[in-house]
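> Need the 3D shape of this:
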Amino acid sequence: MIISRVMTKNPIFIHPDMPINDVRALMAKEKVGHLPVLDRSNVLAGLLTKKDLLKAAPSTATSLDMYEISYLLSKMTAKDIMVKKVITVGENEVVEEAARIMVDNDIGCLPVMRSGRIVGIITDTDLFRVLLDAFGTRNPGVRVTCTMPEKPGELARLAQAIAEKGGNIVSFVTAEGDNPSRRRITLKVNAISLADMQTVLKGFADAEVEDIRE
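Residues are numbered from 1 along each chain as shown. Take a look at the predicted model:
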């Protein structure tokens, strides 16, 4: 899946001279935690997040009173606390690469670019939605996690056996097993009973079932 299919298109943005108090109010109103900062030519100049706002807030140990704090915050603008070196991603990149970049850099979002212009933003919440879809979370059915030998045709045989029982695979996710010679698979199957799915798995002597549930 590519990023353009799951990103938030035409995201809300701010300009560098926007007061911090207004930024905070905008985030609360729109229920967002990440705001691209564009200059007057609508070129990406930075990124501002809720984490940046928290960092900018005075420490609880400050000797300033509430009026002094309010005054200082009123003088601050987005450009004073925004991240200026922003990591971005292209709209045709795949979602797993976006996830890798975010994890490796400990960030929660990526502005999505096309020809040097921002066209969207992808956040950790968007990636969670992809994960939900990949595992068929909102679909009823029998969920199975098991490991199988890493050899050609094994997954095809399993799919065929499920089909012969009338089952329909609605999600299928694979990952490396604890042993390099085995593959861990998680699948969701509907139109089949738990008992019939257990019967299918018994036909695979090398399969090690870790979990099965409705």
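> Helices along the chain, start to end?
Counting by DSSP state H, the chain has helices at residues 20-30, 50-56, 66-75, 78-81, 95-105, 124-134, 154-164, 194-202.
> ok, of the ones you listed, where does mean pLDDT dip lowest?
Averaged per stretch, pLDDT over these is lowest on helix 66-75, reaching a mean of 61.
> related to what we said a few turns ago, present the helices of the chain as a markdown table; the columns should include distance to R5.
C-beta coordinates here come from the backbone N, C-alpha and C atoms, glycine included. Formatted as a markdown table, those follow (distance: least, Cβ to Cβ, whole Å):
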| stretch | distance to R5 |
| --- | --- |
| helix 20-30 | 22 |
| helix 50-56 | 26 |
| helix 66-75 | 39 |
| helix 78-81 | 30 |
| helix 95-105 | 8 |
| helix 124-134 | 9 |
| helix 154-164 | 25 |
| helix 194-202 | 31 |
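> Of those helices, which is nearest R117?
Set against R117 and scored by Cβ to Cβ, those come closest in helix 95-105, at 18.0 Å.
> Check what contacts the closest one and list those residues.
1-3, 6, 87, 89, 107-110, 122, 124, 127, 130 (Cβ atoms under 8 Å, 6 or more residues apart in numbering).
> And that helix, what's buried?
Buried residues in helix 95-105, defined by neighbour count with 16 or more other Cβ atoms under 10 Å: 95, 98-99, 101-102.
> Now do it against helix 124-134: the angle between them, please.
In terms of direction (axes from the mean of the first three to the mean of the last three Cα atoms, to 10 degrees), helix 95-105 departs from helix 124-134 by 140 degrees.
> ok, back up a step: adding distance to N21 and neighbour count as columns, could you present the contacts of helix 95-105 in JSON lines?
Shown next, in JSON lines, are the contacts of helix 95-105 (distance: Cβ to Cβ, whole Å; neighbours: other Cβ atoms under 10 Å):
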{"residue": "M1", "distance to N21": "38", "neighbour count": "11"}
{"residue": "I2", "distance to N21": "38", "neighbour count": "14"}
{"residue": "I3", "distance to N21": "33", "neighbour count": "23"}
{"residue": "V6", "distance to N21": "32", "neighbour count": "18"}
{"residue": "I87", "distance to N21": "27", "neighbour count": "14"}
{"residue": "V89", "distance to N21": "31", "neighbour count": "21"}
{"residue": "I107", "distance to N21": "25", "neighbour count": "18"}
{"residue": "G108", "distance to N21": "22", "neighbour count": "15"}
{"residue": "C109", "distance to N21": "22", "neighbour count": "26"}
{"residue": "L110", "distance to N21": "27", "neighbour count": "28"}
{"residue": "I122", "distance to N21": "28", "neighbour count": "27"}
{"residue": "D124", "distance to N21": "26", "neighbour count": "16"}
{"residue": "L127", "distance to N21": "31", "neighbour count": "19"}
{"residue": "V130", "distance to N21": "34", "neighbour count": "18"}
